[in-house]
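Colleague: just to be clear, the model below is a prediction. Sequence and coordinates:
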Amino acid sequence: MLAVDLLALGVLAASFIGVDIAGGDWVRFAVLAVGSAIHIEAGREIERLRRSAAEGTPYVNLKGMWTFAGVLVLPPPLAVAIIALSFLHSWWRLRRISPYRSVFSAATVVLAAGAAAVCLNAINPDAHPSYTGGLVGLIAVVAAATAYWFVNYALVVGAIMLSTPDSPARKVLGRLSDQFIVAGALGLGIATAALLLDQPWLTVTLLITVLGLHRSLLVGQFQFAARTDPQTGLTNTVFWHEIATKELERAMHDHTALGVLYLDLDHFKAINDTYGHPAGDQILKAIAAELKREIRTDDLVGRLGGEEFAILLPKTSVDETAQAAERIRRRIAALSINVATHTGQTTVDGLTCSIGAATYPASGQSLDALLLAADSATYAAKNAGRNRVVTAPAAAA
């Protein structure tokens, strides 16, 4: 981290060499600084939560649109100043993490900006700092954006890997969807730069558009996170119950059947004890993936907690529910999963599960009654020797 900080100081010092700052540059600098400040303030509450949730993974946002626009249209010292102001503002208003971490993050962006500037000057030396159209201009900004993203991403991931060597690679690298956010921010930066040079007043409309997109995008992310089990990617128990309630109401209205399956993995504690909890987590993810492959488009599988899953089967009769449960049981029994353990890679097979099946209206007239019937059937399957499907008996009239 110290090496990155020192390199960034070197880039800052080099940025003053042979620089001529005109009056128009100060105007564009002011517009970008104000735009960045408004953007940070407007998304402050959401970003504070996102930054906390992103601990241990690359933290991405749309703020790069202002810093990358500065790289494209400002002399290097002013571009670095935009980066510094943006990170100082974020540190002060969002979440006061350790100063050295904020300095390091800003330093990675300064180095990314330096790599982008090198690309711009190498491909289109007479245009920078500015933006010229045409094929050469397009190639230059795409190369600059790629360099900007790669340097920043590589440095951040490298720091996370060195500081938390035991973290899973998937967590350290972050989600692919986050990188699409970065790509969107860079694209908006290019649009901002073009507007600043040709139609500066239209930057105001771009800012309004970005703020609206930013809030809807991130609120959507939080809604998805609130409905999803982070370990398996399945719906969590709260959202599963919400959808199950609505589907049962639809079944009552349309006079159709509805199936519910409770699935409990057999002897899962022994797997954790033998291979370790990280290996158990990998097995849960693999089973979740198999469940999603087996169910239909309108079905819904959720994780209730631990090694327990629930599957909702709309418009499914008693026989069809039992058949679906049997297909799932066989599919899990046939699994062979490669996992990483403390002693190296190994293969886990011979997995079994006990499944309880209940169907509306045969097994109950309410969701609570259906869930109780399916849960009781699961216990009956376990008491009968496990690795089997038990269908709940018809409810008393």
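Modeller: The structure has been received and is ready for your questions.
Colleague: helix or strand: which one has the closest residue to V60 other than its chain neighbours?
Modeller: Spatially, and ignoring its direct neighbours in sequence, V60 is nearest to D178 (4.6 Å; CB to CB, 6 or more residues apart in numbering). C-beta here means a position set from N, CA and C on the backbone, and glycine is covered the same way. Element membership for D178, per DSSP states H and E: helix 176-198.
Colleague: chain center to that helix: distance?
Modeller: Here the centre of helix 176-198 is set off from its chain's centre by 19 Å, with CA atoms, centre = their mean, to the nearest Å.
Colleague: also stretch 346-358?
Modeller: 29 Å.
Colleague: just the buried positions in it, please.
Modeller: Within stretch 346-358, the residues that count as buried by 16 or more other CB atoms under 10 Å are 348, 351, 353-358.
Colleague: returning to what we had before: can you give me the mean pLDDT across the helix holding D178?
Modeller: Computed over helix 176-198, the mean pLDDT rounds to 86.
Colleague: which helices and strands does the helix or strand containing R293 pack with?
Modeller: Using DSSP H and E, R293 sits within helix 277-294. On a contact count with 3 or more CB pairs under 8 Å, 6 or more residues apart in numbering; DSSP states H and E, helix 277-294 meets helix 268-275, strand 300-305, strand 308-314, helix 318-333, strand 336-341, strand 344-349.
Colleague: looking at those, which is buried most?
Modeller: For the helices and strands packed on helix 277-294, average neighbour numbers computed from mean count of other CB atoms under 10 Å are highest in strand 308-314, which has a mean of 23.
Colleague: for the lengthiest helix in the chain, buried residues please.
Modeller: In the chain, assigned by DSSP state H, the helix with the most residues is helix 134-163. For helix 134-163, the neighbour count (16+ other CB under 10 Å) marks 137, 140-141, 143-145, 147-149, 151-153, 155-157, 159-160 as buried.
Colleague: quick one: name whatever helix or strand follows it.
Modeller: By DSSP H and E, the next helix or strand past helix 134-163 is helix 169-173.
Colleague: coming back round to it: what's the spacing between the helix holding R293 and its chain's center?
Modeller: Distance, stretch centre to chain centre, for helix 277-294: 19 Å (CA atoms, centre = their mean).
Colleague: shaky segments in the stretch 201-350 of the chain?
Modeller: Applying pLDDT under 70 to the stretch 201-350 of the chain flags the ranges 213-226.
Colleague: and if you look at the stretch 51-200 of the chain?
Modeller: For the stretch 51-200 of the chain (pLDDT under 70), the answer is 51-56, 94-97, 127-128, 130-133, 167.
Colleague: burial count for the residue nearest to V60?
Modeller: 18 (other CB atoms under 10 Å).
Colleague: against G280, how distant is it?
Modeller: As judged by CB to CB, to the nearest Å, D178 and G280 stand 26 Å apart.
Colleague: ok, now T67?
Modeller: Distance from T67 to G280, by CB to CB: 42 Å.
Colleague: the more surrounded of these two?
Modeller: Between T67 and G280, T67 has the larger neighbour count (other CB under 10 Å), namely 29 against 21.
Colleague: and the more buried one, what helix or strand is that in?
Modeller: If you go by DSSP H and E, T67 is part of helix 64-73.
Colleague: from the contact counts, what lies against that helix?
Modeller: Other helices and strands packing on helix 64-73, by 3+ CB pairs under 8 Å, 6+ apart, are helix 23-42, helix 76-93, helix 99-123, helix 134-163, helix 176-198.
Colleague: now tabulate those in TSV and tack on distance to N383.
Modeller: Formatted as TSV, these follow (distance: least, CB to CB, whole Å):
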stretch	distance to N383
helix 23-42	58
helix 76-93	57
helix 99-123	54
helix 134-163	47
helix 176-198	44
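Colleague: P58 is nearest to which of these?
Modeller: P58 sits nearest to helix 134-163 of all those, at 5.0 Å, using CB to CB.
Colleague: now do the closest one against helix 99-123, angle only.
Modeller: Inter-element angle recorded for helix 134-163 and helix 99-123: 150 degrees (by axes from the mean of the first three to the mean of the last three CA atoms, to 10 degrees).
Colleague: still on that earlier bit, ok, which of the helices and strands packed on helix 277-294 comes nearest I123?
Modeller: With CB to CB as the criterion, I123 lies closest to strand 336-341 of these, at 43.0 Å.
Colleague: give me the sheet partners of that closest one and which way each runs.
Modeller: Using DSSP bridges, strand 336-341 pairs in its sheet with strand 344-349 (antiparallel).
Colleague: before we move on, back to that, I'd say the residue nearest to V60 and W149 touch.
Modeller: No. Using CB atoms under 8 Å, D178 makes no contact with W149, being 11.5 Å away.
Colleague: this completes my enquiry, with thanks.
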